[in-house]
Structures are given as structure tokens and as C-alpha cells.
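Colleague: Structure for the following, please:
(chains A and B)
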Amino acid sequence: MRAGVGWGVVFGLYVATQSLAYATSYKTMASRRLLVQQFGNNVGVSALVGPAKQIGTVPGYTAWKCLTVLAIIGAVWGILSSTKLTRGEEDVGHWELLLAGQVTRRSAARQALIGFAAGAIALFITASAITVVVGRPSKVGISAGGAIYFALAIVTGALMFLAVGAFCGQLSTSRRQAAGFASAILGASYAIRMVADSDAGLSWLRWATPLGWIEELQPLTTPRPFALVPIAALVGALAVATVYLAGRRDLGAGTLANRSSVRTIRRLPTRPLGLAFYLSRSTLLAWGASIVAYGLLLGSIAKSGGKIITSSPSLRQVFSRLGVSGAEAYLSVALLIMAVALTFVAVGQVSAARKEESSGQLDNLLARPFSRVAWITERILVGMVVLVCGGLLAGLATWVGAASDHASVSLSSMLGASLNVAVPALFLFGAGFLAFAVVPRLVSVVTYTLFVWFFLVEIMGGVVKVNHWILDLSAFHQMAAAPATPVAWTTNATMIAVTLAAASLGVALFRRRDLKGE
Amino acid sequence: MVGCLGPNGAGKTTLIRLLLGLIVPSHGRAEIFGRDSRRQAVAAHRRLAYVPGEANLWPTLSVAETLRLLGQVHGRVDQSYQQELIDRFSLDVTKRVRALSKGNRQKLILVAALMTRADLLILDEPTSGLDPLMEQAFRLCVNEAKQRGQSVLLSSHILSEVEALCDRIGILRAGVLVEMGTMAEMRHLSALTVEANFEGTVPDVTRVPGVSMVESQGSTLRCQVRGSVEPLLKVLASSGVLELLSREPSLEELFLSHYGSSAADVANVSATP
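Modeller: Residues are numbered from 1 along each chain as shown, chains lettered A, B, ... in the order given. Below you'll find the model as predicted:
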């Protein structure tokens, strides 16, 4: 519930910033017409975030900018929370306690589903309240009914994938596996939607994917509420199937058979740290592949992206002062998105270290001749290498994409920019390990709060006048908009120095503290 | 071989985690083989092996993979003994840890510790979840280790296990070591148990010097006596005693005499097999 309200606020603020930004940047009809010309039929942009319909109006633009993005963020949240609260709780044995009482497996599953529905409703109410308020001024002009329908469309992403996550939790034998299955379904839905949106002749394919149904709701433009039918049917069917499977399978087991033995001994890394990475290799590979795919895609529309910036009077003003072309300016925005994604990877790395401690697995290593300092130092170093490589991957993939679009961006400037991308992630990573050493039980709260803070300050800072002290507190704001502007190596060096200091302090303090369980 | 006894929450696991340097003492220090347990933890750990009460392993690894990893982290493994242990505990090395029962996980972590032939074995309630056959296999292994000159610190609340295996026993109570010695020493310090059957009514012995824990049931009297037994014998002889049995206290009685004050503690102990 609380998470639902929290994400509702984030969703609402995102809608607010996008609609207000458009209303203030494109004041004249001429500037809007130009935007429509460039985007109305752009295949790349359409494949990425959906077709740009009626972007000459504030509601149309808002719907186009927010719908797919927020539906995907909602879907990811849905998968993470539903697999955590069902399968994750089962993995650690909490369900066993419940089920030993007067609760049956089916009623436990039903209760969990009702909880998810409550979360989705909280998300819906919060997001629609903010959208109604934001839509009221005449320069935005979104009717209350339209705003509520729009919020509903956004929330369907979270709702469907809460159900998908809960269903996958019944199929698999661990939370990780469940999240993997559900993410694969989300990935496939996105891929099919991309194909459907890349060619007008294939638009029927939209009916084959949940993300397509959300698009077919067409909020704020030409609403088609009957697209709610497949959405409701999917959610209902998955809920029924979840409850049914929950009653059929054994606790702790999955519906799909899982290999419980391994015939051959795999060649595992000999260091414990190598093992930690070996075990999380599928997560890291998935992140790497997503970063590359997203980089290629964002890069391949560099030219048209550049044109939006050129066509926006206010943005053009900002960038022309810096003397850069539209494509470079666009790529710097694309890389900012990568920086946010990479920071999320950093948060995951810190949480993984904490999980190794809280689960008691670390005891097995540290009770043997393996020092704490070696363990945490290796963790930090390898995490940093992962983040820097992630940044390079992001930059290279975006460059390759941009080169295929014949955008004039040099490889060297993109390499500099890609190192730049890793800096906020490294900063949060260092701060995270300091928190890990000082307040181990609160480390997830601290790192996620920092992440959300950085993110919110950055998106708010782009729209409303915010005190520069507050802006300076966001690691994303410290990042130079490379390749549009030169990389601020001095700022980056300072941030890296702070990161290293925080991480070293973390190592020193970790040596002196107790190992703590949950 | 030292046994460490105490009911739940007495501080047995905390003591062991302090010795291993996993938690930091608020004051004081501990040494293992002359090495500071915290500052020179790695050097100390080279010569010891630890079995936690709960086996928190990597669920996706197989038994063989887990043994290989833990062996590599320790650095020294007696390969032939490892195989012998796997056979003795009938472990299926191809199984994934996720698919193992609690008892089988415990067996795995026991094998991982014993296969190192470390100079010191620190065992924290090592037999929780083991069936009687496996418990026997465990006792055999620990006795072998003893004979090879390895030291063992066994923490447990299973009295029979400690009594059967340990040379010296320490009793912990609320974090304080209240008693330490061999079974013989502890018995010497402690009271004798006396059981007597009478022809007629059971005499009142509660006022006799040295007598405590008096229980009477029908014509049977049971009590403990500390110091000289003469005053008690006089009373018994004058009351027409038919049968008299006296014996040294069992570990359970020794243990109860330290915890007897609290009913909850007694319940804890009597619940253990």
C-alpha cells in the first residue's frame, strides 16, 4: 500500500513535469507544428515509446511521453514487489508459519492478491489525484475525467505485471526464477509492441501484447475503453490461475519441475567473490544486454532526437549557447537515462552484499581463513569495474546506434561521455557501502532513498526553479551533459575521490562491526 | 574436548561468534592458539573448523560444489577422508543444496568442517536435525578426531551428547560461565542423590542439615544431600527404612541444580531428547 502511494507520487510528478515542460517550452502553434512534423511519423521514436499522436496538444504530448514509460516502470515495480511478497516470503519460510495456522495455501494466495490490488488502487488514486490537479490550468487543459482515465491507463501496467509476477511465483521454485520468468514476459511484450509500432501495417500486432493494450486505451487523445477488456481478462485469469496453482503445489516447490540434482560438478570460480558474481551472472547479463539494446535504439534515432531539441525554442536556447549540434544534445539526454539505469545497478550490488551477510552465507566464509577486509574490498572493486564497464557499454552501444543513423558524433567524445555516465552510479555505490558498514539493516532504505532523491531532484530541476544547493545534492545534476558539453573532469575527479573515501571508510568500519542477520 | 552447556539464550552461540571474530566484544579479548581472535582472525581460522547450528549455504550449488568451494577457502582438505565422510554420512553429492532437508544440510556442513582435519573443531549444536543413526556417525567422527589429538569445543543443550563425548564441561548461564570442570570434579562439588523406601510413613527430612530438593511419593523419598550423610542416615534408620539407594548426580541433575530456580529453563531442558 505504502509503496503504491509512493510510486503514485513519482508517477504523478513525472506526468506533471512532462505536461508543464511542454506547455512552457512549446507556447506557439508554430513550434508545436514543427514538433509534429518531426515526430508524427518517426518510426524509431514510435518503436521506442509508441506512436506520437496529437503531440501538437498538451494532453496528446503528455500521453505520448508518459504512457509507455510509466507503464513499463509500473510493470517492473509490479514484478519486483509481487515476486518478493509471495515467492520471496515463501523462500525465507514466513509462509510456513502462516500455513501451519488456520490459513490454507489458497487463502494465503488470495490474501496476497487482495494486497496487490490494494497497492494498485493506492497507486491509481495518488497518480490520478496529482494528474487532475496538474491538468486543471488552462495552459495544460486536461479534463478531470480524462486525467482519471489516463491514470487508470498508466496503472494497468503495474496491475497486469503484479498478476504476472504472482503467477510466475507459482510456477518457479525461487524468487529469482519467478522474477526472471516475469521479466522475460515483460521483455517479450515490449519487443512485440516495438514491432507493432514500427510499421502502420503491423499495428494489429498491438493486440498481441499487454503493453499494446495499454497503448490501445489511447488516453487523452481518442479514448477506447474497450481495450480494458483484455486487460481485465488477463488480470482475472492470472489471479484465478495463481490461486488454483497455489493449492495444487507443495510449499517451497514450483509447478514446473526443477532439477534438484547436478550430475557434473561445474567449474566454479575458486574465490568466494568470483562465486558471488557467478551466481548473479544472469542478472548482470540481463542488465548488460538491456543497456546495449537500449543504447543502440536511442542512438539510432539520434538525428531526429536532435531535431526535437532544435525545434524546442527553450531547449535550443540552452544548447546553442554551448555551441553543439542537436544530435549531440539529444545524446546527452539519452546518456542521462543510462546513468539512471546504471545507478540502479549500483543499488542492486550493494543490496546483494547485504543479502550475503544477512542470510548467514557470509559466516561460512569468514569463519574460514578469509578476511573481512579482503571480502569487502573485492566486492567494492569488482562492483566498480562492473559499473565502469556498464558505462562504456552504454556509450559504445549508443555511439554505434548513432553512427548507423549517420549522426556526426566522434567516438572519442562518446567514450568520454560514457565514463561520465558511470560517475553518479559509482558515487551512490560508495555511499551505499558506507551505509552497509554503519547501518547494515537499513542499507536498502538508505540506498533507495538516495536514488529516488537524486532522480526526483533531477526531473524537478528541469522544470521548476529549484535552489541550486538542492540541485547540487543530486549526483545526476553534477553530471555534465556530455557529449553536448565537455566532461567536467574536475567535478568527476572530486566525486570519485569522495566515492573512494566513503568506500574506504566503509571498509575500515566494517572490520570493526558485528555481522548482523535480518 | 570441552562441552559448553546452557539453555536457549544463555550465550553459547554468542560465545562462539566472539571466538570466531564474527562479532566484536564490548570489552576484553579472546585468543585461539595464541592469536587474537579478532585482529589475527585469518591466522587463527587456518587451524580451526566451524560448524554453525544452522546451515545457510548457497541454494543453487550442489553438495559436491559446496564442498569444493569451502575446501578451497579453507585451503587444506584430506581428500580420502572427505570421501569416507561422504560415505559415512550417506550424502548424495549430486543434489542441489536447495533440495536438501535440514538434516542433510547439517550433514554437509559437518563434512565440510571435519574434512579439513583442523586442530580445533568448533561445533555449535552440530546435531540439530540429525537422525539417531547419523548422530551415532557424528559421535564416531568426533571420537576419532579426539584420538588424533584434535581439540573440540562442543556447544549443545543435549545433555546426553555432552556427557558421552566431553572431557570437560562448562555451564553458561545468562552469559556467565557458572561452572567448569570434569564430570568427576563437578560431581564432587555437587550433592549426592538419595532414594529410600519405607515400611510406614515417610519421615520429614527437610530440616536435616545438608538435605535439599526433597520429594516424596507414597512410601518413597527422594532427596539430595551435600556434605556428610550421617545426619540423614540417622533419621532414615530411625524411621524404618527398607531400601536405600544412593548415586552420583547425572549431568541432567547437575544442570538442573544450576537452573532449577527458573521453571521455564527446566521446561526447556526436559523438552530435549
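Colleague: what comes up buried for the longest helix seen in chain B?
Modeller: Identified as the longest helix of chain B according to DSSP state H is helix B:132-147. For helix B:132-147, the neighbour count (16 or more other C-beta atoms under 10 Å in any protein chain shown) marks B:134-135, B:137-138, B:141-142, B:145-146 as buried. C-betas here are computed from N, CA, C, even on glycine.
Colleague: One more: stretch A:238-255?
Modeller: A:238-239, A:241-243, A:245-246, A:249, A:254-255.
Colleague: Same check on stretch A:91-103?
Modeller: A:91, A:95, A:98.
Colleague: Which ones among those residues lie within strands?
Modeller: If you go by DSSP state E, the buried residues of stretch A:91-103 have nothing in strands.
Colleague: residue ranges with poor pLDDT in the chain?
Modeller: With no chain named, the answer covers chain A. For chain A, the stretches flagged by pLDDT under 70 are A:1, A:38-45, A:252-270, A:308-325, A:459-466.
Colleague: ah, no, chain B please
Modeller: For chain B (pLDDT under 70), the answer is B:187-190, B:258-273.
Colleague: how's it carved up into domains?
Modeller: Residue ranges for the domains of chain B, per automatic domain parsing: B:2-184, B:186-271.
Colleague: Identify whichever of those lies nearest to chain A.
Modeller: domain B:2-184 (3.2 Å; C-beta to the nearest C-beta).
Colleague: hang on, the earlier thing: and the next helix or strand after the longest helix of chain B, what does it pack onto?
Modeller: Next helix or strand after helix B:132-147 toward the C-terminus (DSSP states H and E): strand B:151-156. In terms of contacts (3 or more C-beta pairs under 8 Å, 6 or more residues apart in numbering or on different chains; DSSP states H and E), strand B:151-156 is packed against strand B:2-5, helix B:12-19, strand B:120-124, helix B:132-147, helix B:159-165.
Colleague: Export the ones you listed as TSV, with columns for distance to chain A.
Modeller: Below are the helices and strands packed on strand B:151-156 laid out as TSV (distance: least, C-beta to the nearest C-beta, whole Å):
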stretch	distance to chain A
strand B:2-5	17
helix B:12-19	8
strand B:120-124	8
helix B:132-147	18
helix B:159-165	21
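Colleague: how about the residues of the stretch 401-518 of chain A near chain B?
Modeller: Within reach of chain B by C-beta under 8 Å from any C-beta of the partner chain, the stretch 401-518 of chain A has these residues: A:512-515.
Colleague: Quick one: buried ones out of the residues you listed?
Modeller: Using 16+ other C-beta under 10 Å, the buried ones in these are A:Leu515.
Colleague: Which members of the residues of the stretch 401-518 of chain A next to chain B define the maximum pairwise distance?
Modeller: A:Arg512 and A:Leu515 (11.6 Å; C-beta to C-beta).
Colleague: A:Ile121 and chain B, how far apart?
Modeller: Applying C-beta to the nearest C-beta, to the nearest Å, the value for A:Ile121 to chain B is 35 Å.
Colleague: That residue sits in which helix or strand?
Modeller: helix A:105-135.
Colleague: Give me the subset of the buried residues of stretch A:238-255 that lies in helices.
Modeller: Per DSSP H, these map to helices at A:238-239, A:241-243, A:245-246.
Colleague: can you map out the helices along the stretch 51-200 of chain B?
Modeller: Shown for the stretch 51-200 of chain B, the helices assigned by DSSP state H, counting those that start in this stretch span residues B:63-74, B:79-88, B:102-114, B:132-147, B:159-165, B:183-189.
Colleague: Run through the residues that contact residue 243.
Modeller: This is for chain A. A:106, A:109-110, A:113 (C-beta atoms under 8 Å, 6 or more residues apart in numbering or on different chains).
Colleague: my bad, chain B
Modeller: B:196-197.
Colleague: Give me the phi and psi for it.
Modeller: When read as degrees, to the nearest 10, the backbone of B:Glu243 gives phi -130, psi 140.
Colleague: Burial-wise, tell me which of the domains of chain B comes out on top.
Modeller: For the domains of chain B, the largest average neighbour count (mean count of other C-beta atoms under 10 Å in any protein chain shown) is found in domain B:2-184, namely a mean of 18.
Colleague: Span of that domain from start to end?
Modeller: Domain B:2-184 has an end-to-end distance of 14 Å (criterion: C-alpha to C-alpha, to the nearest Å).
Colleague: related to what we said a few turns ago, can you give me the buried ones in the helix holding A:Ile121?
Modeller: Those would be A:105, A:108-110, A:112-113, A:115-117, A:119-120, A:122-132, A:134-135, for helix A:105-135 by 16+ other C-beta under 10 Å.
Colleague: that older thread, which one of the residues of the stretch 401-518 of chain A next to chain B sits closest to chain B?
Modeller: Distances from chain B to those, taken by C-beta to the nearest C-beta, are shortest for A:Asp514, at 4.0 Å.
Colleague: I'd assumed B:Leu22 was in contact with the closest one.
Modeller: Yes: judged on C-beta atoms under 8 Å, A:Asp514 makes contact with B:Leu22 at a distance of 7.2 Å.
Colleague: Give me the spatial nearest neighbour of A:Ile130, chain neighbours excluded.
Modeller: A:Gly12 (2.6 Å; C-beta to C-beta, 6 or more residues apart in numbering or on different chains).
Colleague: Now do the helix or strand harbouring the one you found against helix A:105-135, angle only.
Modeller: A:Gly12 belongs to helix A:2-25 when assigned by DSSP H and E. Helix A:2-25 runs at 20 degrees relative to helix A:105-135, counting by axes from the mean of the first three to the mean of the last three C-alpha atoms, to 10 degrees.
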